[in-house]
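Asks: can't give you the sequence, but here's the structure:
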């Protein structure tokens, strides 16, 4: 059997471009840097996220003391406190003059009232600061993810884990901060582990509120009852969503939160019933084919769900990155179902 010829080593000379250094054997065509393109696309601010941050700045994060309204209420509150304090001092002095026992009782009761007022004020301040911290976390997370800032991501995830320390997965996320070196991946994992379970709970709350509103509106005999019930459900829903995400708004903190929710509704468009959604409602014939009261119930349910979605966007400690923000059809699909008789 004839042996195969042995292959000798060969050298292949690639064409060298003109003007290139002599040590270069070949040239590589310049291509676009896909890493930079991806970072630029991520750094682009989403219009939805821009609307959320604008609403947070107008309500939760805004410092009311530097505005004319804040100055007015602060001065009016201080004036009322001075008047009430002067009146109480005169009253207690008169009671001491009449009877030491009455004066002492009034002094003790007044002291208890002042102590309770200080505690309430501290709770209000704590609630406002906590809600402001959540809003700032939301903005900082968006900035850190756009810049893929590892150090900022680790710090923010640690703050988020401390905010959700009662949840069982906080320790696991803290361990991942020492293992994952990419800031964007760390933020995405924190959202999956800590925020997505809260999102599911918020969706259930929105769906329950929308269902209650639509049912009560459909069967209530008076329009005044409808208005009162819808308003009460909307307020309770906003407070409940804030509590789920870690906020504890008091009275004034809740007013700031409502201002942010209202600003978000104004920016994103009130009822947010677009052409496609309106066609779904009219296509099922809910208002025309069944009854006017049921149509009013569906509309009030849509309004309640829309308020809940705005509160969800404003109170959420992180922007929607892992998945898109939910729509009304995602949280309350029962509002668009109707059984057609064949």
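Replies: Received it, and whenever you're ready, just let me know what you need. Since we're looking at a predicted model, the values are computed, not measured.
Asks: List the buried residues for stretch 196-205?
Replies: 198-199, 202-203, 205 (16 or more other C-beta atoms under 10 Å). (C-beta placed from N, C-alpha, C; glycine too.)
Asks: let me fix that: stretch 129-139
Replies: For stretch 129-139, burial by neighbour count (16+ other C-beta under 10 Å) applies to 130-139.
Asks: would CSV of these with distance to residue 69, secondary structure and pLDDT be doable?
Replies: Written out in CSV, the entries for those read as follows (distance: C-beta to C-beta, whole Å; DSSP: H, G, I helix; E, B strand; the rest coil; pLDDT from 0 to 100):
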residue, distance to residue 69, secondary structure, pLDDT
130, 23, helix, 88
131, 19, helix, 88
132, 18, helix, 88
133, 23, helix, 88
134, 23, helix, 89
135, 20, helix, 88
136, 22, helix, 90
137, 26, helix, 89
138, 25, helix, 89
139, 24, helix, 88
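Asks: Go through those residues and name the one nearest residue 304.
Replies: Here the nearest of those to residue 304, counting by C-beta to C-beta, is residue 131; it sits at 21.7 Å.
Asks: and the closest residue to residue 205 other than its chain neighbours, what element?
Replies: Setting aside the residues directly before and after it, residue 205 is nearest to residue 240 in space (C-beta to C-beta, 6 or more residues apart in numbering), at 5.4 Å. Secondary-structure element containing residue 240, defined by DSSP states H and E: helix 223-244.
Asks: What are the buried residues along that helix?
Replies: By neighbour count, with 16+ other C-beta under 10 Å as the criterion, the buried positions of helix 223-244 are 226, 229-230, 233-234, 237-242, 244.
Asks: now swap in stretch 82-97 and tell me
Replies: Along stretch 82-97, these residues count as buried under the neighbour rule (16+ other C-beta under 10 Å): 92, 95.
Asks: List of residues touching that stretch?
Replies: Counting contacts by C-beta atoms under 8 Å, 6 or more residues apart in numbering, the residues outside stretch 82-97 that touch it are 102-107, 110.
Asks: Please produce a PyMOL select command covering the buried subset of the residues you listed.
Replies: The following PyMOL selection, which keeps only the buried ones among these, applies the criterion 16+ other C-beta under 10 Å:
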select buried, resi 103+106
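Asks: Closest one of the contacts of stretch 82-97 to residue 72?
Replies: Lowest distance from residue 72 to these (C-beta to C-beta) belongs to residue 110, with 27.6 Å.
Asks: now that closest one: how far from residue 257?
Replies: Between residue 110 and residue 257 the distance, using C-beta to C-beta, to the nearest Å, works out to 33 Å.
Asks: same check, this time on residue 303
Replies: Counting by C-beta to C-beta, the gap between residue 303 and residue 257 amounts to 18 Å.
Asks: Neighbour count: those two, which is higher?
Replies: Each of residue 303 and residue 257 had its neighbours counted (other C-beta atoms under 10 Å), and the higher figure belongs to residue 257 (26 against 22).
Asks: Tell me which helix or strand the more buried one sits in.
Replies: With elements delineated by DSSP H and E, residue 257 resides in helix 251-268, which encompasses its position.
Asks: Of all the helices and strands in the protein, which has the lowest average confidence?
Replies: helix 34-43 (a mean of 44; mean pLDDT, DSSP states H and E).
Asks: on that earlier part again, from the contacts of stretch 82-97, which land in helices?
Replies: If you go by DSSP state H, the contacts of stretch 82-97 have 102-107, 110 in helices.
Asks: export the residues you listed to JSON lines and tack on pLDDT and distance to residue 249?
Replies: JSON lines is the format used below for the ones in helices among the contacts of stretch 82-97 (pLDDT from 0 to 100; distance: C-beta to C-beta, whole Å):
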{"residue": "102", "pLDDT": "86", "distance to residue 249": "40"}
{"residue": "103", "pLDDT": "84", "distance to residue 249": "39"}
{"residue": "104", "pLDDT": "88", "distance to residue 249": "38"}
{"residue": "105", "pLDDT": "88", "distance to residue 249": "36"}
{"residue": "106", "pLDDT": "85", "distance to residue 249": "34"}
{"residue": "107", "pLDDT": "86", "distance to residue 249": "34"}
{"residue": "110", "pLDDT": "84", "distance to residue 249": "29"}
